[in-house]
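Student: Kindly generate the corresponding structure for this input.
(chains A, B and C)
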Amino acid sequence: MAAPAIAHPAFGDVLRATLAKDLRLEWRSKEAINSMLFFALLVVVIFSFAFDLTAEESRRIAGGLMWVALLFAAVVALNQTWARELRNQALDAYRISPAPPEALFLAKTIGNFIFVILLEALMAPLFVIFYNLRSVGPPYQLALAFVLGTWALVSNGTFFAAMSIRTRSREVMLPLLLFPISIPALLAMVSATSTVLTGEGDAHLSLVFLAVYDVVFTIVGLFLFETVLHAE
Amino acid sequence: MKSFVIFALITLALLTFGLYQALVAAPTEATMGDVQRIFYYHLPSAIIAFLCFFANFGASVYYLAKRCPKSDAVAVATAEVGIVFCTVVLITGPLWARPVWGIWWTWDARLTSTLVLWLIYVSYLLLRRYSAAGQNPVLCAVLAIFGAVDVVFVYMSIRWFRTQHPAPVFGGGENSGIDPRMAHAVYWNLLAFSAMALLVIWLRYRLERLRQQVDEAHATRAIAGGSR
Amino acid sequence: MNWVYVAYAAAWAIHIVYFITLTRGYQRVRRDIEDLNRQ
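Tutor: The predicted structure follows:
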C-alpha cells in the first residue's frame, strides 16, 4: 500500500493565508487594536501628568516617551495574538501540519507589525500635539526609525510571545524576556527619533544599527522558531 | 570524591592567598588609595562571569543540536554561577565607584552591558522556573542564544547612543605601567575564583543531573502506574 | 579601607548564599531519592 502523498504547502501560500486570517479576525473584533490604543493613551497621559516639562525638554524626551508607550502597547497586542491561537488549539494544528513553521512566524510578525504601525499612525498626531513636536531633521529618517524600530520590537516580541505562551504567568513572562533583549534596539530607536526631532546630530548611525539588528534577529528568529514550536 | 576534597582544599588555599595578595601584598594605589583594592575582586569576577555565560552559550547550542541532557545541566550550572559572579561585579562596582568618583552608578558601556547581561540571564532563570518541565531546556537554550547575540549589540549601542555618560577613566592604575605586584594580585585572585567557579559549577551540574534522573524516574513510574 | 571590607564581605556573602541554595537543593533531591526508593 503506497503511502499517501502529503501536499507540502508553499511558503508563500501559508504566509499569505495566515496573514489574511489574522488581519480579518482582528478587523472584525478589533480587540488588539483597542487595548493597544487604550494602553498607549494611558501611558502618554500619565507621563504628561508625572513630568512637568518645558517645551525644550519635551521635544528632547518625546522620542523616549513614544517608544515606552509603544513597548507596553505592543506587549498587550502580542500576548493577545498568540492567546487566540492557543484558545482554538490552532497551535497544535500548526505543529502537526507540514506547513513550514517559518511561514507562520513571519505571518504573525507581519500581522503584528501592521497592527502596531496602525497604532503609531493613530498615536503620532497625539504626540505632536501634546509635546509640540515637529520634524527638524529629514522626516524620511523619522519614518525609517519607526519602521525599523517597530519591526525590531515586533519580531522579537512575536518570537518571545510564542515561547512564553505555554509558560505559567505568561503575561509577565513576555515583557520579562523581551525588554532586556530589546534594549539595544530601544537605545537606537530613541536616539534616531530624538535626533530627528531636535535636529541635533545625525541619525545615520542609529538607523544602520537598527537595520542590522533587525536583520540579525529576524534571521535568528526564523532559524529557531521551529525548535520553539516543537518544544515538548 | 577524594579528588573533589583535594581540589576544594587547594581552592580554599588559593582564595586565602588571593586575599592576602589583594589586601597586603599589593601596594596602595597612588591616586585612589586603598579603595582600589576592590578591583582585585571586581575584575576577576567580571572575567569569570563572562566566561560562564560564554560556556552557557556553547552548552545551549550543543543542547539544541544534540539534545543531550548533560549539556542542559551544564547550561543551567554555568548560567547560575555566571549570575552569582555578575552580581558580585554589579555590587563591588558601585562600592568602588562611590568613594573614588562620588557616584554610585553611571550608564557607561561596560557597566550597563553588565547590567543588561545580568537581566537577560535572570530572565533565563525565570523562564527555567516558569516553563513546563518538558519544554524547559529547549526554550532556555533558545533564549541563551538570543541573549548571547544581544550582548554584542548592547555593548555597541551603549557606546554609540549614550553620550551623556562617558566611562570613568581608570587613571594610570589599570593598564598603563601597572605595578607588577598589582598584576599579581589580579592573577592570583583570578586563578582562585576560577577554581572556585569550577567547583561550584560542578556541584550545580551534579545536582541538576540528580534532578533529571529523579524526574525521569517519576515519569516512568507514572507511565507504569497508568498502564495498570 | 572600610569600603574594601564591605565590598569583600558583600562578595563573599553572595557566594555563601548561593552555596546554601545548593546545599538545600541537594537535601531536597536526597529526600526525593529516598521517597522513590521507598515506593
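Student: Is it correct that A:Tyr131 is in contact with A:Glu57?
Tutor: No - counting by Cβ atoms under 8 Å, A:Tyr131 stays clear of A:Glu57, with 9.5 Å between them. For every residue, glycine as well, the C-beta is placed using N, CA and C.
Student: Tell me which of the two has more neighbours.
Tutor: A:Tyr131 (22 against 12; other Cβ atoms under 10 Å in any protein chain shown).
Student: give me every residue that touches A:Ala188.
Tutor: The contact partners of A:Ala188, by Cβ atoms under 8 Å, 6 or more residues apart in numbering or on different chains, come to A:149, A:206-207, A:209-210, A:213, B:157, B:161.
Student: Could you measure from it over to A:Ser182?
Tutor: For A:Ala188, the distance to A:Ser182 equals 10 Å [Cβ to Cβ, to the nearest Å].
Student: Please apply the same query to A:Val212.
Tutor: A:Val212 sits 15 Å away from A:Ser182, going by Cβ to Cβ.
Student: So which of these two has more stuff around it?
Tutor: Between A:Val212 and A:Ser182, A:Ser182 has the larger neighbour count (other Cβ under 10 Å), namely 25 against 14.
Student: Now for the more buried one, which secondary structure element holds it?
Tutor: helix A:170-198 (DSSP states H and E).
Student: hmm, back to that, list just the nearest of the contacts of A:Ala188 to chain C.
Tutor: Checking these against chain C with Cβ to the nearest Cβ, the nearest one is B:Ser157 at 28.3 Å.
Student: follow-up on the earlier one: as JSON lines, the contacts of A:Ala188 with neighbour count and distance to B:Arg129 would be great.
Tutor: Converted to JSON lines, these look like this (neighbours: other Cβ atoms under 10 Å in any protein chain shown; distance: Cβ to Cβ, whole Å):
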{"residue": "A:Gly149", "neighbour count": "28", "distance to B:Arg129": "31"}
{"residue": "A:Ser206", "neighbour count": "29", "distance to B:Arg129": "36"}
{"residue": "A:Leu207", "neighbour count": "22", "distance to B:Arg129": "38"}
{"residue": "A:Phe209", "neighbour count": "23", "distance to B:Arg129": "33"}
{"residue": "A:Leu210", "neighbour count": "26", "distance to B:Arg129": "33"}
{"residue": "A:Tyr213", "neighbour count": "26", "distance to B:Arg129": "29"}
{"residue": "B:Ser157", "neighbour count": "26", "distance to B:Arg129": "29"}
{"residue": "B:Phe161", "neighbour count": "20", "distance to B:Arg129": "33"}
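Student: Just checking, which helix or strand succeeds the helix holding A:Ser182 along the chain?
Tutor: Next along from helix A:170-198, by DSSP H and E: helix A:204-229.
Student: quick check: longest helix of chain B.
Tutor: Longest helix in chain B, counting residues (DSSP state H): helix B:180-226.
Student: Please see if the worst-scoring helix or strand of chain A on mean pLDDT touches chain B.
Tutor: Sorting the helices and strands of chain A by mean pLDDT, DSSP states H and E puts helix A:90-96 at the bottom, at a mean of 73. No - using Cβ under 8 Å from any Cβ of the partner chain, helix A:90-96 stays clear of chain B, coming no nearer than 12.4 Å.
Student: hmm, back to that, tabulate the contacts of A:Ala188 (a markdown table), appending pLDDT and distance to chain C.
Tutor: Formatted as a markdown table, the contacts of A:Ala188 follow (pLDDT from 0 to 100; distance: Cβ to the nearest Cβ, whole Å):
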| residue | pLDDT | distance to chain C |
| --- | --- | --- |
| A:Gly149 | 92 | 37 |
| A:Ser206 | 88 | 37 |
| A:Leu207 | 90 | 41 |
| A:Phe209 | 91 | 35 |
| A:Leu210 | 92 | 37 |
| A:Tyr213 | 94 | 33 |
| B:Ser157 | 80 | 28 |
| B:Phe161 | 75 | 31 |
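Student: Could you point out the member of those residues that lies closest to B:Leu95?
Tutor: Distance to B:Leu95 across these (Cβ to Cβ) is lowest for B:Ser157, with 26.7 Å.
Student: which residues sit in contact with that closest one?
Tutor: A:183-185, A:187-188, A:209.
Student: The contacts of A:Ala188 into JSON lines, with extra columns for distance to A:Leu174?
Tutor: Listed next are these as JSON lines, based on distance: Cβ to Cβ, whole Å:
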{"residue": "A:Gly149", "distance to A:Leu174": "18"}
{"residue": "A:Ser206", "distance to A:Leu174": "25"}
{"residue": "A:Leu207", "distance to A:Leu174": "27"}
{"residue": "A:Phe209", "distance to A:Leu174": "24"}
{"residue": "A:Leu210", "distance to A:Leu174": "21"}
{"residue": "A:Tyr213", "distance to A:Leu174": "19"}
{"residue": "B:Ser157", "distance to A:Leu174": "22"}
{"residue": "B:Phe161", "distance to A:Leu174": "25"}
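Student: one step back: any idea how far the helix holding A:Ser182 is from the chain center?
Tutor: Its chain's average C-alpha position is 10 Å from that of helix A:170-198, according to Cα atoms, centre = their mean, to the nearest Å.
Student: again, but for stretch A:195-210
Tutor: With Cα atoms, centre = their mean, you get 21 Å for stretch A:195-210.
Student: how about it: buried residues?
Tutor: A:195-198, A:203, A:205-207, A:209-210 (16 or more other Cβ atoms under 10 Å in any protein chain shown).
Student: With stretch B:21-39 instead?
Tutor: Going by 16+ other Cβ under 10 Å, stretch B:21-39 has these buried residues: B:21-23, B:26, B:29, B:32, B:35-39.
Student: same check, this time on stretch B:141-155
Tutor: Going by neighbour count (16+ other Cβ under 10 Å), the buried part of stretch B:141-155 is B:141-151, B:153-155.
Student: Give me the contacts around it.
Tutor: A:156, A:163, A:177, A:180-181, A:183-185, A:209, A:213, A:216-217, A:220, A:224, A:227-228, B:53-54, B:56-57, B:60-61, B:63-64, B:72, B:75, B:79, B:109, B:112-113, B:116-117, B:120-121, B:123-124, B:127.
Student: Please apply the same query to stretch B:20-31.
Tutor: Counting by Cβ under 8 Å, 6+ apart, B:34, B:36-37, B:40-41, B:171-173, B:179, B:181-182, B:184-185, B:188-189, C:4 sit against stretch B:20-31.
Student: Quick check: of the residues you listed, which lies closest to chain A?
Tutor: B:Tyr41 (25.3 Å).
Student: can you tell me which residues contact the closest residue in space to B:Trp96 that isn't next to it in sequence?
Tutor: Distances taken as Cβ to Cβ, 6 or more residues apart in numbering or on different chains put B:Ile38 closest to B:Trp96, at 4.2 Å, once the chain neighbours are dropped. For B:Ile38, the contact set (Cβ under 8 Å, 6+ apart) comprises B:92, B:95-96, C:3-4, C:7-8.
Student: What about the residues you listed, which are in helices?
Tutor: Reading helices off the contacts of B:Ile38 with DSSP H, I get B:92, B:95-96, C:3-4, C:7-8.
Student: Which other helices and strands does the biggest helix by length in chain A contact?
Tutor: Counting residues, the longest helix found in chain A (DSSP H) is helix A:55-87. On a contact count with 3 or more Cβ pairs under 8 Å, 6 or more residues apart in numbering or on different chains; DSSP states H and E, helix A:55-87 meets helix A:31-50, helix A:90-96, helix A:101-130, helix A:139-164, helix A:170-198.
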